[in-house]
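# sequence and predicted structure are below.
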Amino acid sequence: GNSVTQMEGPVTLSEEAFLTINCTYTATGYPSLFWYVQYPGEGLQLLLKATKADDKGSNKGFEATYRKETTSFHLEKGSVQVSDSAVYFCALTATGGTSYGKLTFGQGTILTVHP
Amino acid sequence: SAVISQKPSRDICQRGTSLTIQCQVDSQVTMMFWYRQQPGQSLTLIATANQGSEATYESGFVIDKFPISRPNLTFSTLTVSNMSPEDSSIYLCSAGLAGGYNEQFFGPGTRLTVL
């Protein structure tokens, strides 16, 4: 079946530091890949997405590139802010078969940014 | 995109009772899902809410415990039945258009505590 593995956290950084959160996946076919963010006490918001190999998703300074050869979708940001403190989830949806449209989530990575 | 609201936002319930959570989408969507997020954990798919027919449950979830209705394209309910403290979680509704390329939009979640 499909699965998503994120780097273990939590991650603690100082403001303006570089961020990388690793994400790898296992899926049949050609999944779509997503990063969602959950701020404290809130639901999930879509941060960015990529639907095919070599696509780069970007939003709010965050970027991730769909790497089919390494089955990865690592999240990066060049300079984090305190307001980026949240839980980040990598996820995929299958584009066919019995798992069509269903999201499979990684375990989540807690990011804390200090001033 | 779609805006999703959930009611109630939180509740504290006694064991053995049931709670029904409502999910309303501001536009017609094809797919609606219910997820559970246990404390400090990732999201687990409970079921796909199918319009006008029985929901499709994931392994480990059964209709008697989590009955779901979806009478139209914009509304769904999830009932947590005969609750125990182990049911204390955040329950999230999501919705998306047909096609695995499209992201799912999430409601703010219902934070349930069972005493």
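Perfect, thanks for sending it.
# dump the residue contacts of residue 25.
Unless you meant another one, I'm taking chain A. A:Asn2, A:Ser3, A:Val4, A:Thr5, A:Pro31, A:Leu33, A:Thr71, A:Ser72, A:Phe73, A:Cys90, A:Leu92 (CB atoms under 8 Å, 6 or more residues apart in numbering or on different chains). For glycine as for every other residue, the C-beta is placed from the backbone atoms N, C-alpha and C.
# should've been chain B
Remark: with contacts taken as CB under 8 Å, 6+ apart, B:Val25 is in contact with B:Ala2, B:Val3, B:Ile4, B:Met32, B:Leu73, B:Thr74, B:Phe75, B:Ala95, B:Phe105.
# circling back: ok, and of the contacts of A:Tyr25, which contact chain B?
A:Pro31 (CB under 8 Å from any CB of the partner chain).
# widest-spaced pair of the contacts of A:Tyr25?
With distances taken as CB to CB, the most widely separated pair in the contacts of A:Tyr25 is A:Asn2 and A:Ser72, at 14.8 Å.
# where does chain A dip in pLDDT?
A:96-99 (pLDDT under 70).
# which residue does it have closest to chain B?
A:Thr95 (3.6 Å; CB to the nearest CB).
# isn't that residue up against A:Pro31?
Yes: the criterion here is CB atoms under 8 Å, and A:Thr95 meets it with A:Pro31 at 6.4 Å.
# more neighbours: which of the two?
A:Pro31 (27 against 19; other CB atoms under 10 Å in any protein chain shown).
# for the more buried one, which non-adjacent residue is spatially closest?
A:Leu92 (4.1 Å; CB to CB, 6 or more residues apart in numbering or on different chains).
# that neighbour bridge partners, please.
Beta bridges link A:Leu92 to A:Leu33, A:Thr104, judged by DSSP bridges.
# for A:Val82, see how far away it is.
29 Å (CB to CB, to the nearest Å).
# quick one, which of the two is more surrounded?
Using other CB under 10 Å as the criterion, A:Leu92 and A:Val82 rank with A:Leu92 on top: 24 against 11.
# residue contacts, that one?
Here A:Leu92 is in contact with A:Asn2, A:Val4, A:Tyr25, A:Ala27, A:Pro31, A:Ser32, A:Leu33, A:Phe34, A:Leu103, A:Thr104 (criterion: CB under 8 Å, 6+ apart).
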